[in-house]
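Enquirer: have a look at this prediction, sequence included:
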Amino acid sequence: MKRIFLASLMAVLAHPALAAPLCDDLGFAGLLASCNRGEPIELTLASGQPLSKEGSYALQSGAYYKIFITADGSAELAISGPDFFRAIWMNEIVINQIEVRPMAIDSLEFDAAGTAELSFVAIKPGSHTLRIPGSTGGSQKVTFNIQ
């Protein structure tokens, strides 16, 4: 009996701790509560420039985030990441004060200068990448590690 108990205890302790939302009392807003929001993430689409100042971001599963993607208009550029977009619940995408609530997306393409604001809840743990399609440089992608 002691061996079964010890084996059960070891199995429980061997798994990583589950990430909890950023606040204890989510209130009426649930996961979208202001206390459950992570820091905003800023990405820049510009010809020959890095996509982000950071190479990767750590996100907490169950927390609400915003990504601001700004294109400078220097080239027609897109950002793609089907694995990332399937690991999150997309709340909305705001472009020129037009709110879109999509079921799913694979990429966004900017033909001219502008900003898109994506708000979402991180869901699926793992490492997920957003990148400029067709690029091979390390600075042309950003990795999101959802814990």
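Expert: Nice, I can see it. Numbering: from 1, shown residues only.
Enquirer: what ranges do the strands span in this structure?
Expert: Applying DSSP state E to the chain gives strands spanning 41-45, 56-59, 64-71, 77-80, 88-95, 98-100, 107-110, 114-122, 126-131, 141-146.
Enquirer: in a markdown table: the ones you listed, plus distance to L32.
Expert: Backbone N, C-alpha and C define where each C-beta goes, glycine included. Compiled in a markdown table, the strands of the chain are given as follows (distance: least, CB to CB, whole Å):
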| stretch | distance to L32 |
| --- | --- |
| strand 41-45 | 17 |
| strand 56-59 | 15 |
| strand 64-71 | 6 |
| strand 77-80 | 24 |
| strand 88-95 | 7 |
| strand 98-100 | 14 |
| strand 107-110 | 22 |
| strand 114-122 | 8 |
| strand 126-131 | 21 |
| strand 141-146 | 17 |
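Enquirer: right, and L45 touches G73 too?
Expert: No: between L45 and G73 there is no contact under CB atoms under 8 Å: 9.1 Å.
Enquirer: with neighbour numbers in mind, choose between these two.
Expert: Counted by other CB atoms under 10 Å, L45 and G73 do not tie: L45 has more neighbours, with 26 against 15.
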